[in-house]
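Trainee: missing the sequence, but the structure's below:
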RNA sequence: GGUCUAGUAGCUCAGUUGGAUUAGAGCAACGGCCUUCUAAGCCGUAGGUCCCAGGUUCGAGCCCUGGCUAGAUCACCA
């Protein structure tokens, strides 16, 4: 039992003993004592005044005396403005340190009694163009939340639902057929997703030309957009694809394989992965049976023209189409079908969709319709809704050329990291290969941290003009702190320092015990972040820890310390900071270098 | 128009289920610190009507109501 729980239970006793009143565990508020005040844990006594019928000061004193008498670890207490500050014995913190030092996966809850099986769907790209910054946020979040849930002891299935069918890919196909001259990614030495994306852009260009011509010929803009022969060709191609036309399917397979090969490279660079990949071409018809069953059961209704709908007015929403007049499925129908299959196949306790907040409505409806259809898993569907990445001049628009390409961004970051590192010249002695590995680690650390430190729910701003920082509240700052620590540990080893358990009587400076307290909070941070699906909480904690460590590092000699007990303590606490940084960064999918 | 989300320093962001009349970081600006363990670091100065107005209570950046501003969404598209 940790010290907070002990204080809470004893506090209940204290109130009973002093005032003959009962309080529930939930009513007790503990908080960290503010740094400039002596103490470790603070009890907020205001809620108890009704029970004590005494002044805040008197109440705090009563409770403080009881707690000090009944809890061994409490050394003393003080009362300021009605806040009861408890001072925990240093030896408590040090033995805590000794315990967690033995645990290399400190912070991770490996035997969670509430472990669940959770599927996280993320990435879900369209196969007509390369990934951009918006996808980066999605991928990093999805991967990181998966790691976070694993850190909380859950079994996680990471899946990707690739949208490989539809009018968009047909547009690229038509453009390639017409203007491609038989070129391939190999023949042009282009990454497959970029190659296909170029034809998607080409389609749009030619399409606009056609529309302009048609308008000149006397059509309205609206008519022209519908009458464009190129668009009609794409629509015809989609029909052929759905009919299984061999030539079309072959072309479709070829172009998709180019794109997917390109995505694999990007995913690998980003460091994300999946346990299973679904393709919409295989799932897009799913859900129809379920919907028809729902119609039979009377929870859905059919219009005269044949289409099937869900009436959600009772939930304050509109009517939602589930099957078209011709009986084909829509997006929603497919999602119902795949969700059903996933819950059946994997016995999921939870399904999380990492999808932008522009689809909030969709997921609200999905959950409601599933509930209407009588599925008990309807409420196990979670939409991890994240905000848009905005540029200074607004949203990214691929047609206006304002997208920040994922591959470009990553390679630019690596270049910057390389330049910076060479300027600082700290990798002397590393082979080119080793050094390149570090540049990549740092570059991706900067990018990932930049994205993940922001609360997922919020929109975030990215300014391509000001490249992502490597100083201050950044990934490299944290990585640097880690590298410093590793340097100390290497030297300690070289010096033959004998590292052992810390003597519980060793005297600590304020900064040292503050660091210790911070370290003890790590598991709670991971747990809280897991509940809220927020890697940002981990990011902010790790940053604060690194910042605090750097202050300590600056003020206190470690290896030069003469007193062996203190030397030992400082090495040990440094080591633990390193472990926590490493474990915390791993949750964000960020690796840490031994040197930088 | 309906629904949802956000608004904290010049800029980018923190601020755990309401808690200490000193609301925090980083960047940018200015000033210090490398003959001592990695200066991608540390310390300091300056910078705020927490969008506005009410309300709830011992106590509000956080909760409620109304307004302002910005964004998203409301297809037989995906």
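Mentor: That came through, no problem. The shown structure was predicted, so the numbers you read here are calculated from the model rather than taken from an experiment. Residues are numbered from 1 along each chain as shown, chains lettered A, B, ... in the order given.

Trainee: surely residue A:31 is in a helix?
Mentor: No: under DSSP: H, G, I helix; E, B strand; the rest coil, residue A:31 sits outside any helix and is assigned strand.

Trainee: burial of the nearest residue to it once chain neighbours are set aside, as a residue count?
Mentor: Of all residues not flanking residue A:31 in the chain, residue A:42 sits nearest, at 5.1 Å (Cβ to Cβ, 6 or more residues apart in numbering). Backbone N, C-alpha and C define where each C-beta goes, glycine included. Close neighbours of residue A:42, defined as other Cβ atoms under 10 Å, add up to 20.

Trainee: count of residues packed around residue A:99?
Mentor: With other Cβ under 10 Å as criterion, residue A:99 counts 11.

Trainee: check contacts around the closest residue to residue A:295 other than its chain neighbours.
Mentor: Among residues not flanking residue A:295 along the chain, residue A:308 sits closest, at 5.6 Å (Cβ to Cβ, 6+ apart). The contact partners of residue A:308, by Cβ atoms under 8 Å, 6 or more residues apart in numbering, come to A:291-292, A:295, A:300-302, A:321-323.

Trainee: check residue A:593 too.
Mentor: Contacts of residue A:593 by Cβ under 8 Å, 6+ apart are A:437-438, A:441-442, A:479, A:482-483.

Trainee: so it is in which element?
Mentor: Counting by DSSP states H and E, no helix or strand carries residue A:593.

Trainee: give me the pLDDT for it.
Mentor: Looking at residue A:593, its pLDDT reads 97.

Trainee: ditto for residue A:400
Mentor: 65.

Trainee: residue ranges with poor pLDDT in the stretch 401-550 of chain A?
Mentor: A:401 (pLDDT under 70).

Trainee: follow-up on the earlier one: could you dump the contacts of residue A:593 to CSV with distance to RNA strand B and neighbour count?
Mentor: Converted to CSV, the contacts of residue A:593 look like this (distance: Cβ to the nearest atom of the strand, whole Å; neighbours: other Cβ atoms under 10 Å):
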residue, distance to RNA strand B, neighbour count
A:437, 12, 14
A:438, 7, 21
A:441, 9, 22
A:442, 5, 29
A:479, 7, 26
A:482, 8, 27
A:483, 3, 20
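
Trainee: out of these, which are inside helices?
Mentor: A:437-438, A:441-442, A:479, A:482-483 (DSSP state H).

Trainee: and the furthest pair within these?
Mentor: Greatest spacing in those, by Cβ to Cβ: A:437 and A:482 (15.1 Å).

Trainee: elements contacting the helix or strand hosting residue A:351?
Mentor: Residue A:351 is part of strand A:350-356 when elements are defined by DSSP H and E. Contact analysis of strand A:350-356 by 3 or more Cβ pairs under 8 Å, 6 or more residues apart in numbering; DSSP states H and E lists strand A:117-121, helix A:133-151, helix A:331-346, helix A:360-372, strand A:381-386 as its packing neighbours.

Trainee: out of these, nearest to residue A:1?
Mentor: So among these, helix A:133-151 is nearest, using Cβ to Cβ, at 22.0 Å.

Trainee: and the angle from the closest one to strand A:117-121?
Mentor: 170 degrees (axes from the mean of the first three to the mean of the last three Cα atoms, to 10 degrees).

Trainee: helix A:133-151 and RNA strand B, any residue contact?
Mentor: No: legend: contact between helix A:133-151 and RNA strand B by Cβ under 7 Å from any atom of the strand is lacking; minimum distance shown is 10.9 Å.

Trainee: off-centre distance for that helix?
Mentor: 4 Å (Cα atoms, centre = their mean, to the nearest Å).

Trainee: for the helix or strand that residue A:530 is a member of, buried residues please.
Mentor: Using DSSP H and E, residue A:530 sits within helix A:522-531. Using 16 or more other Cβ atoms under 10 Å as the test for burial, helix A:522-531 gives A:522-523, A:525-527, A:529-530.

Trainee: report the two of those separated the most.
Mentor: A:522 and A:530 (12.5 Å).

Trainee: okay, the residue of chain A found nearest RNA strand B and residue A:521: tell me how far apart.
Mentor: Closest approach between chain A and RNA strand B, counting by Cβ to the nearest atom of the strand: residue A:472, at 2.1 Å. Counting by Cβ to Cβ, to the nearest Å, the gap from residue A:472 to residue A:521 is 23 Å.

Trainee: okay, the two: which has more neighbours?
Mentor: residue A:521 (16 against 9).

Trainee: residues contacting the residue nearest the centre of chain A?
Mentor: Among the residues of chain A, residue A:141 comes closest to the average C-alpha position under Cα atoms, centre = their mean, at 2.9 Å. Neighbouring residues of residue A:141 by Cβ under 8 Å, 6+ apart: A:122, A:354, A:384, A:386, A:451-452, A:456, A:535.
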